[in-house]
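Peer 1: Sequence first, predicted coordinates after that:
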Amino acid sequence: LDLSGGDIDSHKVGIVGHFMDRTEEDHRANLRELKRMTESLGLDIVSVWPDGGSLEGLRRIREAGWIISLPYAREAARVVAEKTGAHLLELPLPLGLQNSEKWILELGEALKAKEKAFSFVQSEKKRVLERLKSSAEKWIHGKRFMIAADPHSLLGIESLIREFGGEVISRVSVGKIPPEIRNSPEFLADPTVIERPTAGLLRREWARARESGVNCVICNGDMRRMVDGEAAVVEFGYPSYFYHALSSHPFLGFEGCVDFGNRLIDEISRKEGGEIKRAPLEYDPNRDEIKKIARQLGLGELDISEAFDSKIPMSFDEVSLRLKGIGEKFGQKSQIESFIEEELGKIIPRLEWAVPFLFLNKKSVFFGEKKAFEALSLIVQELGGQIVGAFVDGEKSPQQIQTEWENLKSRGVDLLISNSDGIALLRPSCAVVEFGEWYIRNYPTVGFTGTMCFIDQMANAILGKLVAPLG
């Protein structure tokens with residue numbers, strides 16, 4: 001790759017060593033978070049190696065005045081910096097609060113933007129803690145964890161768990177531990193790590209963790225089969241059979257702390273049962289989404305919020321219809337149509353594999369309020385699924401519901417979309433998406449993003465039942 005002839009700019013940054021093992025919305029969201037973090041210091045990321053893009057995109061690294069080296073490709077970053085004449089800055093993987101803070105502060109110090117970096121960190125840490133603290137106190141604090149991950153991710157995940165009072169009782173590195181980690185203060189404080197275990201050794205370590213009362217395992221899809229439902233599992237790393245990101249799910253940076261923390265909370269609460277105590281009511285994910293839409297369209301928040309007055313996700317057709325209504329009202333018809341086309345252009349490729357594999361002809365049952373049923377059933381049908389039964393607004397007695405539920409199960413049910421009351425009553429063995437107050441408080445439900453978040457929930461619920469555990 002010819003990197004000569006670049007016009008180096010000290011305000012432009014290239015990143016080498018981003019580990020992108022798939023082009024789904026976890027890794028793409030990581031790219032957006034890295035961009036957001038660097039832009040907070042007035043910098044512009046011109047190229048990330050790799051980012052799933054084009055060769056020309058990689059070649060733009062010759063414009064960067066700074067090369068940020070991430071731990072997966074230290075040598076490659078050195079070579080690029082030597083070829084282009086850029087400054088080289090080796091930073092940790094920004095996974096977890098501690099490493100995300102270190103990443104931005106070291107970047108700020110190198111670029112003489114310490115005050116900006118410190119201000120950004122303080123604001124972000126406060127936001128992360130506000131989002132997670134109340135629910136983490138119940139579902140992470142005092143819980144026991146096993147982590148099996150690559151060595152660069154392992155310590156970052158552990159630091160996030162410890163931040164909220166969790167205890168890591170087993171650490172497995174699926175790769176060779178490099179000297180920069182082995183000699184780090186975090187590693188030296190507790191060097192008990194099983195490195196690159198055989199399948200037999202991994203099974204024995206899992207058995208030890210299970211006997212020690214582990215609550216949650218963070219591991220890849222192969223090990224998840226080994227756990228086989230005996231603890232909560234957050235699937236992380238390659239391969240990933242059960243978990244796919246159709247909507248934005250970063251795990252790097254401060255946004256990654258929020259999303260990964262929520263994944264831990266969701267999986268442990270599902271396994272152990274009980275109500276999830278969510279973040280304070282002043283946090284409203286829909287407001288963030290409405291702000292984003294308003295910014296993109298050059299309109300006010302109120303203009304958008306009036307069109308999306310419901311807290312229930314809508315079908316793509318309904319979202320498009322409401323946006324077109326905004327266009328008509330404010331004389332921005334062509335701009336809105338371009339926005340819709342652009343958004344659907346991003347969404348359709350994400351669903352190309354998921355619709356035939358996960359949704360087409362799948363049989364769903366709904367339990368809850370009529371308004372939610374009317375909206376969510378349209379999403380199911382838009383994806384090619386079927387609603388084969390519905391228990392709406394308490395129209396039937398619990399005994400009638402249970403009798404009808406047994407009849408539906410005998411004919412085959414793939415997915416239950418229900419509030420917590422329905423789940424408690426029906427005790428389903430099929431895939432389940434819980435939709436209720438806790439969902440509304442934690443996930444955006446408006447716009448195309450809201451629709452995709454709900455589809456993402458359905459997809460991963462179904463995946464968990466489709467992939468058979470290892471015998």
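Peer 2: Structure's in. What do you need? Numbers count the residues shown, from 1 in each chain.

Peer 1: use CA for all of it now, contacts and neighbours both
Peer 2: Will do.

Peer 1: Can I get whichever strand or helix holds Phe454 in PDB? Just the C-alpha atoms.
Peer 2: Using DSSP states H and E, Phe454 sits in helix 447-466. Coordinates of each C-alpha in helix 447-466 appear next as PDB, following Å, rounded to 0.1, in the frame of the first residue of the first chain:
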ATOM      1  CA  GLY A 447     -37.300   6.400  15.000                       C
ATOM      2  CA  PHE A 448     -35.500   3.800  13.000                       C
ATOM      3  CA  THR A 449     -33.000   3.300  15.900                       C
ATOM      4  CA  GLY A 450     -35.900   2.400  18.200                       C
ATOM      5  CA  THR A 451     -37.200  -0.200  15.600                       C
ATOM      6  CA  MET A 452     -33.700  -1.700  15.200                       C
ATOM      7  CA  CYS A 453     -33.200  -2.000  18.900                       C
ATOM      8  CA  PHE A 454     -36.400  -4.000  19.200                       C
ATOM      9  CA  ILE A 455     -35.400  -6.200  16.200                       C
ATOM     10  CA  ASP A 456     -32.000  -6.700  17.800                       C
ATOM     11  CA  GLN A 457     -33.700  -7.900  21.000                       C
ATOM     12  CA  MET A 458     -35.900 -10.400  19.000                       C
ATOM     13  CA  ALA A 459     -32.900 -11.600  17.000                       C
ATOM     14  CA  ASN A 460     -30.700 -12.500  20.000                       C
ATOM     15  CA  ALA A 461     -33.600 -14.100  21.900                       C
ATOM     16  CA  ILE A 462     -34.300 -16.300  18.900                       C
ATOM     17  CA  LEU A 463     -30.600 -17.000  18.300                       C
ATOM     18  CA  GLY A 464     -30.200 -18.300  21.900                       C
ATOM     19  CA  LYS A 465     -32.800 -21.000  21.200                       C
ATOM     20  CA  LEU A 466     -31.700 -21.800  17.600                       C
END
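
Peer 1: Tell me which other helices or strands that helix touches.
Peer 2: helix 285-297, helix 316-330, strand 415-418, strand 431-434 (3 or more CA pairs under 8 Å, 6 or more residues apart in numbering; DSSP states H and E).

Peer 1: contact partners of the third one?
Peer 2: Read that as strand 415-418. For strand 415-418, the surrounding residues in contact (CA atoms under 8 Å, 6 or more residues apart in numbering) are 362-368, 428, 430-436, 458, 461-462.

Peer 1: Render the CA-only coordinates of it in PDB, please.
Peer 2: Written as PDB, here are the backbone C-alpha positions of strand 415-418 (Å, rounded to 0.1, in the frame of the first residue of the first chain):
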ATOM      1  CA  LEU A 415     -41.100 -16.200  20.300                       C
ATOM      2  CA  LEU A 416     -43.000 -14.600  23.200                       C
ATOM      3  CA  ILE A 417     -43.200 -10.800  23.300                       C
ATOM      4  CA  SER A 418     -44.400 -10.000  26.800                       C
END
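
Peer 1: Neighbouring strands - and their directions - for that strand?
Peer 2: Sheet partners assigned to strand 415-418 using DSSP bridges are listed as strand 363-368 (parallel), strand 431-434 (parallel).

Peer 1: Of the ones you listed, which is nearest Ile161?
Peer 2: strand 431-434 (24.8 Å; CA to CA).

Peer 1: in the stretch 201-350 of the chain, which spans are helices?
Peer 2: 221-227, 253-272, 285-297, 301-307, 316-330, 333-351 (DSSP state H, counting those that start in this stretch).

Peer 1: which stretch among those helices comes nearest Ser4?
Peer 2: Nearest of the helices of the stretch 201-350 of the chain to Ser4, taken as CA to CA: helix 253-272 at 31.7 Å.

Peer 1: May I see the buried residues of that closest one?
Peer 2: Across helix 253-272, burial judged by 16 or more other CA atoms under 10 Å covers 253-269.

Peer 1: what pLDDT, on average, does that helix get?
Peer 2: Across helix 253-272, the average pLDDT comes to 92.

Peer 1: do stretch 436-452 as well
Peer 2: 84.
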